[in-house]
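S.K.: predicted model, plus sequence, below.
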Amino acid sequence: MRLRILLILLFCGLGIMPALAAPTLDVSVGFDGYYRPGNLVPVAVTVHNTDGPTVQGELRIRSQDLPEEMDVYRYPVTIAKGATQLRFLNFVPPAFARSIQVDLFNAQHRKLASGQFTRCKEVYGQDRLLTIVGGSGSTLNYTAGQGVKVPQEPYPRPWNLAQLQARQQGYGYSGGPVSISSSPTPGANGTVQLCHLSAKRLPDNAEAYGSTDLLLLCSDVTENALSADAQQAIAAWVATGGHLLVAGGGVPARLDAPFYADLLPTHNGKPLPGTETINTPGVGKAWTRQIGAGRVTQLAFDPDTVQLTDAGAAAKYFGKLVERNPRAPLTMGNNGGLREAVSVNKLKPPNLTLIVLYLIVYLILLVPVNYFVLRKLDQRELAWLTTPAIVLIFTFGAYGIGYATKGNRLVFNLAGILETGAGQREGELISSLLLFSPVRTTYKLELGRDALLVRGNDSGPEDNQYYGRYPGGYNDSGSRQPLNIFQGDDRLTVEKISVSQWDFRRFVAAYRVNLGGGFSSNITAGKPGASPRATGTVTNNTPYNFQSCLLYQDGVLVSEFSLGRGQTVNLAKGATGFTPRFSEDEKNIYDGLKGSIVQQAAGSGRLSNGSVLVGFTTSSLASAQLNRRSVRTEMNVIVVHL
């Protein structure tokens with residue numbers, strides 16, 4: 001009886017005990033809600049675990065607006081009791097995703113909390129997004145809502161396959177098709193959208209900046225206000241087509257910090273070579289220069305404190321900055337080349353003549369020979385045995401022919417392009433990955449901590465997880481398989497990749513690459529038609545060896561050479577006709593990459609502006625493992641605007 005009473009009291013006590021508070025989530029999407037569909041979009045999630053126990057689980061992004069084919073993004077998280085944690089997630093949304101939800105699950109896959117952001121605002125193709133970090137951007141506020149004359153679409157990120165296809169074919173532009181490598185003729189009326197963002201909310205992923213067209217760092221944004229990952233991400237974003245605007249004023253010493261010093265167009269108050277000076281009466285002076293495929297503009301004044309004498313001139317001034325398109329990255333024009341370069345040349349289908357002869361022999365043995373032999377032996381009832389035996393023999397024979405032709409080894413090829421400028425320490429590599437499986441199985445693809453994104457590319461550059469979903473889209477073949485992406489602290493993993501026997505899976509990935517000290521040069525261009533076209537030196541301060549380098553001067557191939565890490569080459573001693581040493585598999589990828597780059601560059605003139613180094617290396621710039629095996633064939637090319 002006493003035990004029963006104690007149990008009753010115990011259960012009553014448990015019933016009146018206050019429940020432990022569940023974690024709560026605060027969610028912010030994009031740049032104060034602004035985002036471009038088809039780009040990698042940052043999602044800032046603040047997890048509050050006030051009273052609950054330590055939670056180990058994962059965050060997942062979902063939305064009722066997202067198509068069923070969308071890739072699944074999962075992020076591990078550990079939140080101690082009483083802790084508050086800010087996490088940056090990234091995913092690729094479609095258009096019209098107005099509401100984004102993030103769910104927190106524990107290790108047992110039970111949902112603990114949800115957070116929702118309902119103010120998503122799509123940045124339309126003809127509009128431009130200006131993001132102000134720090135300060136108030138008071139002068140730039142004049143540009144909010146201002147009309148601009150721009151191409152209908154900004155240059156897409158190099159991996160944005162569906163938008164890239166539209167860009168290549170010139171869809172949506174006045175005046176017909178345009179070259180992807182030159183600035184299209186402005187043909188669309190857009191408006192400037194403006195948003196403010198805290199320095200602490202700047203994404204740590206270079207691809208997550210793809211939604212913004214112009215990023216302003218105000219005078220109170222010092223290097224210390226930016227996380228190390230954000231600094232690296234901004235530098236890589238600029239090199240692949242971003243436009244960074246740096247305010248003057250404030251403490252002058254802040255611009256001496258390495259982050260600013262590596263990017264700014266001036267040094268000790270003097271413009272660097274290739275810098276354009278802009279002087280607008282009533283506004284002030286600025287300097288701008290290209291870095292890789294992007295641009296950095298430095299203001300001589302503080303837009304928060306300057307006393308304008310002409311507000312209209314200021315609005316026009318900043319509007320023109322927004323209109324300026326960066327150069328189209330070479331990676332844009334070489335997505336097809338990357339895809340073809342990793343193709344497995346040896347794994348060709350059997351010869352058609354061989355197949356026809358094989359079938360003829362099979363039919364002859366199965367019917368007339370089998371019949372006449374059994375008839376001559378007067379054992380026609382044995383056909384019940386000989387017919388299945390012949391079928392089995394030829395079935396295994398066909399399998400053997402296919403096995404010998406297609407190969408019995410796992411093939412994993414990588415080809416990548418990175419474009420940057422002289423002296424740049426960070427770059428972004430766009431890689432094409434091909435997996436050929438000799439058996440029907442499931443793989444896990446681990447891309448390492450420096451991977452920025454991964455997307456499936458099974459159906460070619462016209463396929464996209466959004467555009468095939470809606471009327472007027474590019475491709476709705478149903479062949480695309482959504483990816484299960486797990487973004488851990490130390491790696492990006494694609495889980496449960498199903499591959500049929502003798503079948504391919506293709507992926508596009510972007511990586512952040514540390515270039516060490518980058519490349520430096522001291523080149524003097526010769527007079528047109530003179531020989532040599534250029535003299536001087538090029539130094540490789542990166543940690544990579546380049547087995548083959550092409551040096552272009554104003555669009556003309558000057559020299560071919562190899563360039564090891566820490567080495568300097570004298571162009572006067574360089575000679576054409578250089579033959580690099582590669583394995584057979586490496587050479588197949590090298591030939592494909594070289595042909596694609598030379599053809600695309602020559603046709604568009606992308607290598608015709610000054611000195612440009614194109615270096616090929618088998619060094620591993622990108623981490624990638626299949627089922628924890630790193631056996632692969634890799635070839636990367638770095639394009640450096642010296």
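M.R.: Nice, thanks for sending it over.

S.K.: not counting its neighbours along the chain, what's nearest Glu495?
M.R.: Nearest residue to Glu495, sequence neighbours excluded (C-beta to C-beta, 6 or more residues apart in numbering): Asn484, at 4.6 Å. C-beta: built from backbone N, CA, C; applies to glycine.

S.K.: how far away is that neighbour from Ser619?
M.R.: 30 Å (C-beta to C-beta, to the nearest Å).

S.K.: ditto for Ile597
M.R.: Noted for Ile597: a distance of 18 Å to Ser619, by C-beta to C-beta.

S.K.: out of these two, which sits in the busier spot?
M.R.: Of the pair Ile597 and Ser619, Ile597 is the one with more neighbours under other C-beta atoms under 10 Å, namely 24 against 14.

S.K.: from the contact counts, what lies against the host helix or strand of Glu58?
M.R.: Per DSSP states H and E, Glu58 falls inside strand 55-62. For strand 55-62, the elements it packs on are strand 41-49, strand 72-79, strand 83-91, strand 100-106, judged by 3 or more C-beta pairs under 8 Å, 6 or more residues apart in numbering; DSSP states H and E.

S.K.: columns distance to Gly248 and mean neighbour count on top of those, output as TSV?
M.R.: Putting the helices and strands packed on strand 55-62 into TSV (distance: least, C-beta to C-beta, whole Å; neighbours: other C-beta atoms under 10 Å) gives the following:
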stretch	distance to Gly248	mean neighbour count
strand 41-49	28	22
strand 72-79	38	18
strand 83-91	30	18
strand 100-106	37	21
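
S.K.: Arg409 is nearest to which of those strands?
M.R.: For Arg409, the closest of the helices and strands packed on strand 55-62 is strand 72-79, at 30.5 Å, according to C-beta to C-beta.

S.K.: without its sequence neighbours, what residue ends up closest to Cys549?
M.R.: Leaving aside its chain neighbours, Cys549 sits nearest to Gly615 (4.6 Å; criterion: C-beta to C-beta, 6+ apart).

S.K.: just checking, the one you found touches Tyr552?
M.R.: No. Counting by C-beta atoms under 8 Å, Gly615 stays clear of Tyr552, with 11.8 Å between them.

S.K.: ends of stretch 193-205, how far apart?
M.R.: 22 Å (C-alpha to C-alpha, to the nearest Å).

S.K.: next one: stretch 256-270
M.R.: End-to-end span of stretch 256-270 (C-alpha to C-alpha): 13 Å.

S.K.: now that stretch: how far from the chain's centre is it?
M.R.: From the chain centre to the centre of stretch 256-270 is a distance of 27 Å (C-alpha atoms, centre = their mean, to the nearest Å).

S.K.: buried sites along it?
M.R.: 259-260, 262-266 (16 or more other C-beta atoms under 10 Å).

S.K.: distance of the closest residue to Glu223 other than its chain neighbours from Leu263?
M.R.: In this structure, Glu223 finds its nearest non-sequential neighbour in Ala257, 3.7 Å apart by C-beta to C-beta, 6+ apart. Applying C-beta to C-beta, the value for Ala257 to Leu263 is 10 Å.

S.K.: one more: Arg440?
M.R.: 49 Å.

S.K.: just give the closest residue to the residue positioned nearest the centre of the chain, not the sequence neighbours.
M.R.: The structure's the chain has its C-alpha centroid closest to Ala510; by C-alpha atoms, centre = their mean the separation is 3.4 Å. Distances taken as C-beta to C-beta, 6+ apart place Leu452 nearest to Ala510, at 4.3 Å, with adjacent residues excluded.

S.K.: residue contacts, the one you found?
M.R.: By C-beta atoms under 8 Å, 6 or more residues apart in numbering, Leu452 lies in contact with 40, 205-207, 428, 509-512.

S.K.: which one of those residues sits closest to Lys285?
M.R.: Ala206 (29.5 Å).

S.K.: what are the ranges of the helices in the stretch 451-600 of the chain?
M.R.: Assigned by DSSP state H, counting those that start in this stretch, the stretch 451-600 of the chain shows helices spanning 584-604.

S.K.: quick one: low-confidence ranges for it?
M.R.: 459-480, 527-532, 572-577, 600 (pLDDT under 70).

S.K.: what's the answer for the stretch 301-450 of the chain, then?
M.R.: Using pLDDT under 70, the stretch 301-450 of the chain drops low at 309, 324-336, 344-352, 399, 401-408.

S.K.: all helices of it, in order?
M.R.: Here the stretch 301-450 of the chain has its helices, by DSSP H, counting those that start in this stretch, at 311-323, 330-333, 335-341, 352-364, 370-376, 383-406.

S.K.: minimum distance to Asp229: which of the ones you listed has it?
M.R.: Asp229 sits nearest to helix 330-333 of all these, at 22.0 Å, using C-beta to C-beta.

S.K.: packing partners of the helix or strand containing Ile132?
M.R.: If you go by DSSP H and E, Ile132 is part of strand 128-133. On a contact count with 3+ C-beta pairs under 8 Å, 6+ apart, strand 128-133 meets strand 188-197, strand 214-217, helix 311-323.

S.K.: a markdown table for the ones you listed, including distance to Lys587?
M.R.: As requested, those are exported to a markdown table (distance: least, C-beta to C-beta, whole Å):
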| stretch | distance to Lys587 |
| --- | --- |
| strand 188-197 | 44 |
| strand 214-217 | 41 |
| helix 311-323 | 44 |
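
S.K.: most neighbours per residue, which of these?
M.R.: When the helices and strands packed on strand 128-133 are scored by mean count of other C-beta atoms under 10 Å, the highest mean neighbour count falls to strand 214-217 (a mean of 25).
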